[in-house]
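Colleague: Give me the fold of what follows.
(2 chains)
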Amino acid sequence: MKLEPGQTFPDLDLPDHTGRERRLSEVAGGDPVTLLFSRGWWCPKEQRHLQEVTALQDEFEVAYARIVVVSVDAPEVQAAFRAGLGARFLFLSDGERRWLERLDLLEETDSVHRPYRPTAVTLHPDLTIHAAYDGYWYWGRPTAEDLRQDMRAISRAVRDDFRRV
Amino acid sequence: MSDLPEGAAYLAFDGHELHAGDGPGRRFMIDARCLQGTPVHGAYAHVCALPDVAAVLEFDQPEVQQVRRDALGWWIGMLGDALICLTTLALDESRYGGAITVTREPVAWSEDPFARIFPGTIVQTDLFCDVAPPPGPVLERYAGVAWPGGHF
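Modeller: Next up, the predicted model:
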């Protein structure tokens, strides 16, 4: 699947880091979403990038926006990684790689873990894609400022009262 | 009841028992989803609220935001499948009267972050239904509906 702006992203159904079944649309709950596909807890690049994302969570929580991370790690492993990061946002576990294959996001250069290729997608509340980032190379990932700009653009588009001046 | 915001429901607490709608004790507004669906029988509600009308804070006070951060950070995860639902107890669109966490079995209530604001009372109840736990935010949506309910 090509992740193009304007397309509707699939409504992922996966267990969260507590093992509870979730749907992406339910998690979005009417808010813009930053959806991050991550290799897993063991990758130093993921650790670094998710530290940066965790530093943003205070803003997301008061700005009515969501952060969701998807990886192939088991829920209990995600829960431990999440606690280590100090993250309060949701992790979704695709240990069976059901969505990995459908989304065509297999990282083919890692034959040990068969993880997701690092990819970020910013979504409208109805899961319309605003922007997509290929993070295979670290500098391809969205910075904190990229994510702020995307959340601002989406909020401007979906909140009728966003700009009154 | 016509002034009840969409998505909200009334709940009364007298210090010992809970009653949906009007009942004896202090009346709060909760996230209505907690009462919509198939009730879980024999559940445990940890009611972190007091019947005393003076037990009230503004939702915007930092401690009320922080206990919700703690709920998102570790309380919900720690409860796992035991969690049925949770809701704050709103007095109106700006004032916090407490919170309730409902579980299928007794849990480590002493860890309940909401009990750091108002002390908890354990009540056995058949009122509450399963609601998917919130992924955020940590504040209300200006709808007069108790967190985590409400929408724009």
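Colleague: for the chain, longest helix please?
Modeller: As the question left the chain open, I've gone with chain A. What stands out as the longest helix in chain A, according to DSSP state H, is helix A:44-62.
Colleague: let's do chain B instead
Modeller: Assigned via DSSP H, chain B shows its longest helix as helix B:62-70.
Colleague: Between helix A:44-62 and that helix, find me the angle.
Modeller: Using axes from the mean of the first three to the mean of the last three Cα atoms, to 10 degrees, the inter-axis angle of helix B:62-70 relative to helix A:44-62 is 140 degrees.
Colleague: Show me the residue at the heart of chain B, geometrically.
Modeller: residue B:87 (2.7 Å; Cα atoms, centre = their mean).
Colleague: wait, that residue sits on residue B:150?
Modeller: No - at 10.9 Å, residue B:87 and residue B:150 do not qualify as touching, with contact defined as Cβ atoms under 8 Å. For every residue, glycine as well, the C-beta is placed using N, CA and C.
Colleague: Show me whatever sits in contact with both of these two.
Modeller: residue B:31 (Cβ atoms under 8 Å, 6 or more residues apart in numbering or on different chains).
Colleague: can you pull out the strands in chain B?
Modeller: B:8-13, B:18-20, B:26-31, B:43-49, B:57-58, B:83-90, B:95-103, B:120-125 (DSSP state E).
Colleague: Quick check: buried residues in the longest one?
Modeller: Meaning strand B:95-103. Residues B:96-103 are the ones in strand B:95-103 that count as buried (16 or more other Cβ atoms under 10 Å in any protein chain shown).
Colleague: centre of the chain versus that strand, how much separation?
Modeller: Relative to its chain's centre, strand B:95-103 lies at 3 Å (Cα atoms, centre = their mean, to the nearest Å).
Colleague: what lines up beside it in the sheet?
Modeller: Strand pairing for strand B:95-103, determined by DSSP bridges: strand B:43-49 (antiparallel), strand B:57-58 (antiparallel), strand B:83-90 (antiparallel).
Colleague: gap between residue B:23 and residue B:52?
Modeller: To residue B:52, residue B:23 is 17 Å away according to Cβ to Cβ, to the nearest Å.
Colleague: For chain A, what lies in contact range of chain B?
Modeller: Within chain A, the positions near chain B by Cβ under 8 Å from any Cβ of the partner chain are A:17-20, A:22, A:26-27, A:29-31, A:60-66, A:68, A:79, A:82-83, A:86-90, A:159.
Colleague: quick one: buried residues of stretch B:138-152?
Modeller: So, applying 16+ other Cβ under 10 Å, buried residues of stretch B:138-152: B:138-141, B:144-150.
Colleague: and what of stretch A:130-139?
Modeller: Buried-residue list, stretch A:130-139, by 16+ other Cβ under 10 Å: A:130-133, A:135.
Colleague: which residues are contacting that stretch?
Modeller: In this structure, residues lying in contact with stretch A:130-139 by Cβ under 8 Å, 6+ apart are A:3-5, A:32, A:45, A:48-49, A:107, A:117-124, A:140-142, A:146, A:150, A:153-154.
Colleague: again, 6 Å this time
Modeller: Stretch A:130-139 is contacted by residues A:3, A:45, A:117-118, A:120-122, A:140-142, A:150, A:154 when judged by Cβ atoms under 6 Å, 6 or more residues apart in numbering or on different chains.
Colleague: Could you pick out the buried ones from those?
Modeller: Applying 16+ other Cβ under 10 Å to the contacts of stretch A:130-139 flags A:3, A:117-118, A:120-122, A:141-142, A:150, A:154 as buried.
Colleague: Need the max-distance pair from these.
Modeller: Using Cβ to Cβ, the two most remote members of the buried ones among the contacts of stretch A:130-139 are A:117 and A:154, lying 23.5 Å apart.
Colleague: Report the contact partners of residue 18.
Modeller: Because you didn't say which chain, this covers chain A. B:77, B:80.
Colleague: other chain: chain B
Modeller: The neighbours of residue B:18, taking Cβ under 6 Å, 6+ apart as the test, are B:123, B:125.
Colleague: what about stretch B:61-68 and chain A, touching?
Modeller: No - on the criterion Cβ under 6 Å from any Cβ of the partner chain, stretch B:61-68 is out of touch with chain A, staying 8.1 Å away.
Colleague: who's in contact with that stretch?
Modeller: B:57, B:96, B:113-114, B:138.
Colleague: most packed of the strands paired with strand B:95-103?
Modeller: Most buried of those, by mean neighbour count (mean count of other Cβ atoms under 10 Å in any protein chain shown): strand B:83-90, with a mean of 26.
Colleague: Could you save the strands of chain B as a markdown table and add columns showing distance to residue A:37 and mean pLDDT?
Modeller: Shown next, in a markdown table, are the strands of chain B (distance: least, Cβ to Cβ, whole Å; pLDDT from 0 to 100):
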| stretch | distance to residue A:37 | mean pLDDT |
| --- | --- | --- |
| strand B:8-13 | 37 | 97 |
| strand B:18-20 | 42 | 97 |
| strand B:26-31 | 31 | 96 |
| strand B:43-49 | 36 | 98 |
| strand B:57-58 | 39 | 94 |
| strand B:83-90 | 27 | 97 |
| strand B:95-103 | 32 | 97 |
| strand B:120-125 | 39 | 98 |
